[in-house]
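S.K.: Have a look at this prediction, sequence included:
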Amino acid sequence: MIPPLSEALAERGYVNLTPVQEAVIAPGLQGADLLVSAQTGSGKTVGFGLAIAPTLLGEATAFGPAAAPLALVVAPTRELAFQVMRELRWLYARTGAVVASCVGGMDIRQERRALESGAHIVVGTPGRLRDHIERGSLDLGALMAVVLDEADEMLDLGFREDLEFMLAAAPAERRTLMFSATVSPMIAKLAKQYQRDAQRVSTINSAEQHADIAYRALRVAAPDTDHAIFNLLRYHEDQGAIVFANTRAAVNHLTARLANRGLSVVTLSGELSQSERNHALQAMRDGRARVCVATDVAARGIDLPNLTLVIHADLPTNTESLLHRSGRTGRAGRKGISALIVPPKLVKKAERLLGWAKISAEWTVPPSAEDILRKDEERLMSDPGWDEPVSEEQAAFARRLLASRSPEAVAAAFLRLHQSRHAAPEELLPPDSAPARDKPAFGPSRWFALSVGRAERAEARWILPLLRRAADLEKAAIGAIRVQDTETYVEIAEASARAFLAALGPEGEVADGVRARALEGAPDLSPGGRKPLTGAPARLRAPGAGHRKGQGEGTAPDRAPRPAGKFERPRPTYEAKGKTPARHDPAAAQGEDPAQAASAPWGGKAKKWAAPAGGAGKPGGVAAKGKPRSPRVEHEGAPDRQTDWQPAGKKPAGKKSADGKPVGKKPFASSKPGKPGFGKAKPGKKGFGKPRDGREPPRRGKP
């Protein structure tokens, strides 16, 4: 290892290298292209910084003057790019390396000036790096190494074309290092195309990859998800935490709820500008904020110090998201907790998610209010302030205080002052408790019959307010409303029935033309006396009672005709118009009496079209100019234009005149040239209007 880099690692407190760092600097891999798989938080940034150092420096221990970049590092997100830049700066600080960044959302003019001044290593996001290359401000001619960090994420985000553009523009003799959590077929194809005999390195051990992260699945009642998150943060109050949600709306909701409880919260989501993201992360680093509520935009590449708690307010959508979210803690040998909030409906989903990720989680419940108060007392008793020396002024105040108050009163007041600095914990419901869904029974009641029914278009939606206005009833005092053909049955609570009768008076008048009478017991609501389909049209309520298909076949009694509305008129029949509907019976084709065929009843909606040999072509019509039509075969459905209505031996395009030119209807002309028999489209002719959907209409031309 190059001495300046060893000194930087020792200064940072590195005693032993992580497995991925040791693997990439192995003597046999020096100078080779690498395809590396390593779990998140395993020290990949320092690893590839150590791996490319011999390629960039050679036998030297320091860089020369900065000019065109020697190394290019590509990261999928802005946060990860800045994280990589900070890591490489302290790692190469003693070598005099200039590390520049090219990140979307930042001032491109400042980046251009930094590139013109010269840089040894450039770190950036794919889109901005390609922009600089196309503008000519980033020269790749001197590149010796290209590093793709989180290559799988960049492909998932749609940066494949940008990566291929940069790799094709870089010198062919460069080193290419790809770091990816998983090696998908797309990653393997990219590596085969742009790497030279890449060496495969994998440090992922399924049995040990979660050793530094304790997974906990917390079962909560459905209405207690927010309370459980707050209790968890209160219990781990002295530690940094990040809360993941799936949507921006959920992030804003949780931020408001936690801020109202007195927690110092920042947000991190895609709608924020880059400067707002930087301020939020800096507040977490310097301790001004303790909780970060974020979407999955923060699931990769963010290394926050003292972040020991990850809370999944919404379950991740897949195992990769679960691992990357949880990887924000338990980094570089530090211990951490990843807690999933699991309401009753999501228990099975959480089990499947953990099973697919091969994670063994502890199923438990969130901290209760008693647990949090007990934890507060432990933190108070272990506070380092107890061991600090007492000044003379503090001792004098203590003597005066003990002279006026007992020690128990002083201690109790001190505890209350300490607890007042924090919001009170929440009392949580049992995890399996759920809100009652069954509607309680209506209770003792009496039934009344109203003098309106379906014949008068009675509906429950206007009967309910009618009853409330007539007798000043509460909505809870009215139970079932059953609309029948001529009456409507209403259930009223027995406690309000007497007041209802008194309000109606001796005539029982509820409103103009609507009267009510009390029933002895419950009415007969058997299937024969009520409608089987709520809100269905009258013709569908009973077979044979107006149903069009089964007319005349049902056994139910006919109802009274529906009264005409304001805008309704009776429809005239064919006989009233002086017309007779065209009817045809296949029996007529066999030579039977046409009068009998004409009087045959309809056989349903499907009409049978047929004509005897030599008869009329269209049903009910006559042959043109007395010429007989060609014979047709009887079939179901509408007639076929080309088979049934055209003379035998004729084409559907129409007749021809003496000079051989077609006359009559022209065939449909397509706007596509090159087809036989179709001419060019000529706009401006009749019928070239725009259809309703706004699309270009088909054009007609010469056949």
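M.R.: Perfect, thanks for sending it.

S.K.: quick one, domains of the protein?
M.R.: With domains defined by automatic domain parsing, the chain comprises 3-202, 213-373, 445-529.

S.K.: nearest residue to Val410 other than its sequence neighbours?
M.R.: Nearest non-adjacent residue to Val410, counting by Cβ to Cβ, 6 or more residues apart in numbering: Leu401, 6.0 Å away. Using the backbone N, CA and C atoms, a C-beta is placed for each residue, glycine as well.

S.K.: Give me the neighbour count for the one you found.
M.R.: 13 (other Cβ atoms under 10 Å).

S.K.: Over to Thr364?
M.R.: Around Thr364 there are 12 residues (other Cβ under 10 Å).

S.K.: Pull up the gap between it and Ala181, please.
M.R.: Between Thr364 and Ala181 the distance is 28 Å, computed by Cβ to Cβ, to the nearest Å.

S.K.: Then Thr247?
M.R.: As defined by Cβ to Cβ, Thr247 lies at a distance of 24 Å from Ala181.

S.K.: Glu370 too?
M.R.: Glu370 is 41 Å from Ala181, by Cβ to Cβ.

S.K.: give the contact list for Leu504.
M.R.: For Leu504, the contacting residues are Ala470, Ala471, Val510, Ala516, by Cβ atoms under 8 Å, 6 or more residues apart in numbering.

S.K.: Of these, which belong to strands?
M.R.: Val510, Ala516 (DSSP state E).

S.K.: Pick out the most distant pair among the contacts of Leu504.
M.R.: For these, the maximum inter-member distance is 9.4 Å, found between Ala471 and Ala516 (Cβ to Cβ).

S.K.: between those two, who's got more neighbours?
M.R.: Between Ala471 and Ala516, counting by other Cβ under 10 Å, Ala516 is the more crowded of the two (23 against 20).

S.K.: which intervals of this protein have sub-threshold pLDDT?
M.R.: Along the chain, the parts satisfying pLDDT under 70 run over 40-41, 204-211, 298-301, 332-333, 433-441, 526-703.

S.K.: And whichever strand or helix holds Arg498, what's buried?
M.R.: Assessed by DSSP states H and E, Arg498 sits inside helix 494-504. Within helix 494-504, the residues that count as buried by 16 or more other Cβ atoms under 10 Å are Ser496, Ala497, Phe500, Leu501, Leu504.

S.K.: How about stretch 248-255?
M.R.: Buried-residue list, stretch 248-255, by 16+ other Cβ under 10 Å: Ala250, Val251, Leu254, Thr255.

S.K.: ok, residues contacting the helix or strand hosting the last one?
M.R.: Read it as Thr255. For Thr255, the host element (DSSP H and E) is helix 248-260. Helix 248-260 has contacts (Cβ under 8 Å, 6+ apart) with 226, 229-230, 233, 243, 245, 265, 267, 269-271, 291, 293-295, 313-314.

S.K.: Could you rerun that using 7 Å?
M.R.: Outside helix 248-260, the residues that touch it by Cβ atoms under 7 Å, 6 or more residues apart in numbering are 226, 229-230, 243, 245, 265, 267, 269, 271, 291, 293-295, 313-314.

S.K.: quick one: which two of those are the most distant?
M.R.: Phe230 and Glu271 (24.2 Å).

S.K.: quick one, which of these two is more surrounded?
M.R.: A count of neighbours by other Cβ under 10 Å puts Phe230 above the other of Phe230 and Glu271, at 22 against 11.

S.K.: isn't the more buried one right next to Glu426, touching?
M.R.: Yes. In this structure, Phe230 is within contact of Glu426 by Cβ atoms under 7 Å, at 6.0 Å.

S.K.: For the stretch 151-300 of the chain, which segments count as strands?
M.R.: Taking DSSP state E, counting those that start in this stretch as the test, the strands found in the stretch 151-300 of the chain are 175-180, 199-202, 213-219, 240-244, 265-268, 291-294.

S.K.: Can you spell out which helices and strands pack onto the fifth one?
M.R.: In other words, strand 265-268. If you count contacts as 3 or more Cβ pairs under 7 Å, 6 or more residues apart in numbering; DSSP states H and E, strand 265-268 packs onto helix 248-260, helix 274-285, strand 291-294.

S.K.: swap the cut-off to 10 Å and go again
M.R.: With contacts taken as 3 or more Cβ pairs under 10 Å, 6 or more residues apart in numbering; DSSP states H and E, strand 265-268 sits against strand 240-244, helix 248-260, helix 274-285, strand 291-294.

S.K.: Same list (these) but as CSV, adding distance to Arg128.
M.R.: CSV is the format used below for the helices and strands packed on strand 265-268 (distance: least, Cβ to Cβ, whole Å):
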stretch, distance to Arg128
strand 240-244, 26
helix 248-260, 24
helix 274-285, 11
strand 291-294, 22
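
S.K.: do you know which of those lies nearest Val483?
M.R.: Checking the helices and strands packed on strand 265-268 against Val483 by Cβ to Cβ gives helix 248-260 as the closest, at 42.0 Å.

S.K.: chain center to the closest one, what's the gap?
M.R.: Computed by Cα atoms, centre = their mean, to the nearest Å, the chain-centroid distance of helix 248-260 equals 18 Å.

S.K.: Okay, strands next: where are they in the stretch 301-450 of the chain?
M.R.: Using DSSP E, counting those that start in this stretch, strands in the stretch 301-450 of the chain cover 307-312, 336-342, 362-364, 445-450.

S.K.: So for Ala26, which of those strands sits nearest?
M.R.: Here strand 336-342 is closest among the strands of the stretch 301-450 of the chain (Cβ to Cβ), at 29.0 Å.

S.K.: ok, the closest one: who's next to it in the sheet?
M.R.: strand 213-219 (parallel), strand 307-312 (parallel) (DSSP bridges).

S.K.: could those be laid out in a markdown table, adding mean neighbour count and distance to Val390?
M.R.: Output for the strands paired with strand 336-342, formatted as a markdown table (neighbours: other Cβ atoms under 10 Å; distance: least, Cβ to Cβ, whole Å):
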| stretch | mean neighbour count | distance to Val390 |
| --- | --- | --- |
| strand 213-219 | 20 | 40 |
| strand 307-312 | 22 | 33 |
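
S.K.: Thanks a lot, catch you later.
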